[in-house]
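[1] Provided below for reference: sequence and predicted model.
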Amino acid sequence: MKKFINDVDNMLRESLSGLGAAHADILKVTFDPTFVTRARRADGKVALISGGGSGHEPLHAGYVGRGMLDAACPGQVFTSPTPDQMLAAAEAVDGGKGVLFIVKNYSGDTMNFQMATEMIDVDHATVLVNDDVAVENSTHTTGRRGVAGTLVVEKMMGAAAEAGADLRACKALGDRVNKNTASMGVAFTSCTVPAAGRPTFEIGPNEIEMGVGIHGEPGRRREKFKPADAICKDLLDAILADLRPADGAQCLLHVNGFGGTPLMELYLLYHAARKRLEREGLKVTRSLVGSYTTSLEMAGGSLTLTLLDSELTRLWDAPVHTAALHW
Amino acid sequence: MNSEPIVASVRAVHRAILDNAPMIESLDRAIGDGDHLINIKRGCETLVALGAEIEPLPPAQAFERIGKKLLGTIGGASGPLLASFFLAMGKDLDGTLQPTSTQMAQAFSAGVDAIRSRGKADLGEKTMLDVLIPVARLFLRLTAESATMETLCERLKEEAERGMLATRDMVASKGRAYFLGERSIGHIDPGSKTSQVAIAAVCDLLAGRRANGANGANGTDSMPGAGFEGTAP
């Protein structure tokens, strides 16, 4: 394992210290319990808090700042944060208008956030993101995962909260964006959790993991490696079957890299996806290409599609000033 | 020295987890995401360090302290699940200073129920509950039949082993292995393995046997189970 490490047990703290120092104008890192807040607390608005395991950077701490999150709780690598972090973050950012937790649908995250909400005494709500179409949804199972579409939910909710939407309106908006959003990913290589010291899963040089989650966990099937257009077709087939967009619908196309795939390939994938969507009669009116929800150094990426209307487009376009997303 | 058996059990579980680390890690790499062992080890180390603090406490408070500590330490799914287990055990034993085997069986069962409701999972879903639920049922039955400590430990150990092995042929519908669907068949669930290892370690300890990699220096391996029986030698 070759990574920038001094001491595995201190890795998260050193990385977050770097984040805090590099973006001191935007955010502030607090330890024990660990959470990241805006450099200056925003009062008089709903406070948005997200969190999850580390290793997905810039998600979520990179999205703390004006127009997006008020706080993020980073857990250990690929491990949900704990309720004490969420409660401390909530206390730090509650501006009197309630606290809204944005949670990716992974069992660890949902259970820890749920336990936090059982202990919290301010007005609160939770938006559960489950945009991943790779996994079949069923009431008997854990259900669909929350993956790269989380960024879209956080961005649009952030804009709404900044504009003064109340807790109930923010929650309804988050649920609506989640419903309008579908994602699916593919992995070419595995990734190494630093504390484990070796790759999480085995994958041959001519294999791809179709429908992979953001921890390298599988989704649909192991397949033979194939050209980008063919991979793109599989991802979009699943996404479009789930969203069933109307002819001429406007959408946001987000191509996300998992950490080990260069931007050159991500733009190639964007090109492939855009051609296909236009053939389907969709209008791609907003785009985002880059590594925004990663899985350590895993190669591969995901496609996310969000169906837009004028309100969602306006929320996407609203100013945002965070370490990883700004316009 | 109310909770000395709990402290000794924590140490025994920690040793057993370390002894079985390579197997647990390879199971998790097969159908998990590779962090199970790390999280369990972090939890064990924290509890071992808590030993002196919980030893003088009544069992109910010791379990509550353990639950709260795990909730803030482990994270992931294991954190809330194991925390719920210990918090429910503590609640069940509230006011009991010298719990009998029957009371321990009831508390254990309450803990397992808490995991069920927190995880919204049940038997046959390829999780730790495939070990814990059968063990809880047998624990209740055997204590109702006034089984000896030796029989109790022997049978519970066997039941845990049976439950763990049974997960091999199941399709996961909960937990991280769920994403594998049919591909999870043929692999033992790592959570069921750690549960089985922990139960075996406590059974060995309570039956007065030396757990793997015995640490007899402090004498806690002698007959600590007696504390749960209320008939200290």
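    Yes, it's here. Numbering: from 1, shown residues only, chains lettered A, B, ... in the order given.

[2] state the mean pLDDT of whichever helix or strand residue A:313 is part of.
    Using DSSP states H and E, residue A:313 maps to helix A:310-317. In this model, helix A:310-317 carries a mean pLDDT of 98.

[3] repeat that for stretch A:285-305.
    For stretch A:285-305, the per-residue pLDDT averages 98.

[4] in the stretch 101-250 of chain A, which spans are helices?
    Remark: helices assigned in the stretch 101-250 of chain A by DSSP state H, counting those that start in this stretch are A:107-119, A:149-162, A:167-179, A:228-243.

[5] which of those helices has the lowest mean pLDDT?
    Of all the helices of the stretch 101-250 of chain A, helix A:107-119 has the smallest average pLDDT, which comes to a mean of 94.

[6] residue A:169 versus residue A:70, what's the distance?
    16 Å (Cβ to Cβ, to the nearest Å). C-beta here means a position set from N, CA and C on the backbone, and glycine is covered the same way.

[7] now residue B:65: closest residue in space, sequence neighbours ignored.
    residue B:54 (5.3 Å; Cβ to Cβ, 6 or more residues apart in numbering or on different chains).

[8] how about the residues of the stretch 101-250 of chain A by chain B?
    A:106-108, A:111-112, A:114-115, A:134-135, A:138, A:140-142, A:145, A:193, A:195-196, A:200-201, A:213, A:215-219 (Cβ under 8 Å from any Cβ of the partner chain).

[9] can you flag the buried ones in those?
    A:106-108, A:111-112, A:115, A:134-135, A:141-142, A:145, A:193, A:195-196, A:200-201, A:213, A:215-219 (16 or more other Cβ atoms under 10 Å in any protein chain shown).

[10] give me the pLDDT value at residue B:100.
    Per the predicted model, pLDDT is 94 at residue B:100.

[11] ok, now how distant is it from residue B:53?
    Taking Cβ to Cβ, one finds residue B:100 at 25 Å from residue B:53.

[12] the residue nearest to residue A:312 when sequence neighbours are not counted: neighbouring residues, count only.
    Residue nearest to residue A:312 in three dimensions, not counting chain neighbours: residue A:156, with 6.0 Å by Cβ to Cβ, 6+ apart. Residues lying near residue A:156 (other Cβ atoms under 10 Å in any protein chain shown) number 29.

[13] how far off centre is stretch B:14-28?
    Between the centre of stretch B:14-28 and the centre of its host chain there is 14 Å, according to Cα atoms, centre = their mean, to the nearest Å.

[14] residues contacting residue A:256?
    In this structure, residue A:256 makes contact with A:148, A:151, A:183, A:185, A:266, A:290-293, A:301-304, judged by Cβ atoms under 8 Å, 6 or more residues apart in numbering or on different chains.

[15] try it again at 7 Å.
    A:148, A:291, A:292, A:293, A:301, A:302, A:304 (Cβ atoms under 7 Å, 6 or more residues apart in numbering or on different chains).

[16] how about the helix or strand encompassing it as CSV, C-alpha atoms only?
    If you go by DSSP H and E, residue A:256 is part of strand A:250-257. Extracted in CSV, the C-alpha atoms of strand A:250-257 (Å, rounded to 0.1, in the frame of the first residue of the first chain):
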residue,chain,number,x,y,z
GLN,A,250,-34.7,18.9,-19.1
CYS,A,251,-32.1,17.3,-17.0
LEU,A,252,-28.8,17.8,-15.1
LEU,A,253,-26.1,15.3,-16.2
HIS,A,254,-23.5,14.6,-13.6
VAL,A,255,-20.5,12.4,-14.4
ASN,A,256,-18.7,11.5,-11.3
GLY,A,257,-15.2,9.9,-11.0
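
[17] okay, the angle between it and helix A:228-243?
    130 degrees (axes from the mean of the first three to the mean of the last three Cα atoms, to 10 degrees).

[18] mind listing the strands strand A:250-257 pairs with, and their directions?
    strand A:283-290 (parallel), strand A:300-308 (antiparallel) (DSSP bridges).

[19] flag the shaky bits of the chain, pLDDT-wise.
    In the absence of a named chain, this looks at chain A. A:137-141 (pLDDT under 70).

[20] you answered for a different chain; I wanted chain B.
    In chain B (pLDDT under 70), the answer is B:1, B:209-233.

[21] and if we set it to 90?
    B:1-2, B:25-26, B:28-36, B:38-39, B:75-77, B:171-185, B:207-233 (pLDDT under 90).

[22] close to chain A: what parts of it are there?
    Within chain B, the positions lying close to chain A (Cβ under 7 Å from any Cβ of the partner chain) are B:29, B:33-35, B:38-39, B:71-72, B:75-77, B:79-81, B:118, B:173-176, B:178-180, B:183.

[23] how about 6 Å then?
    For chain B, the residues in contact with chain A (Cβ under 6 Å from any Cβ of the partner chain) are B:33-35, B:38-39, B:72, B:75-77, B:79-80, B:173-174, B:176, B:178-180.

[24] just the buried members of those?
    Buried among those (16+ other Cβ under 10 Å): B:33-35, B:38-39, B:75-77, B:79-80, B:173-174, B:176, B:178-180.

[25] kindly indicate which of those residues lies nearest residue A:43.
    Residue A:43 lies nearest to residue B:75 out of those, by Cβ to Cβ, at 30.1 Å.

[26] please verify my assumption that that closest one contacts residue A:79.
    Yes - with contact defined as Cβ atoms under 6 Å, residue B:75 reaches residue A:79; the gap is 4.5 Å.

[27] regarding residue B:173, what is its secondary structure?
    coil (DSSP: H, G, I helix; E, B strand; the rest coil).

[28] so it sits against residue B:125, correct?
    Yes - the pair residue B:173 and residue B:125 passes the contact test of Cβ under 6 Å, sitting 4.7 Å apart.

[29] list the contacts for residue A:223?
    Contacts for residue A:223 (Cβ atoms under 6 Å, 6 or more residues apart in numbering or on different chains) come out as A:208, A:210.

[30] quick check: nearest residue in space to residue A:318, chain neighbours excluded?
    residue A:159 (3.7 Å).

[31] just checking, the one you found touches residue A:320?
    No - counting by Cβ under 6 Å, residue A:320 is not a contact partner of residue A:159; they are 7.3 Å apart.

[32] common neighbours of these two, please.
    With Cβ under 6 Å, 6+ apart as the test, residue A:159 and residue A:320 both reach residue A:67.

[33] do you know how far residue A:317 is from residue A:67?
    11 Å.

[34] so for the two, which sits in the more crowded spot?
    Taking neighbours as other Cβ under 10 Å, residue A:317 and residue A:67 compare with residue A:67 leading, 21 against 12.
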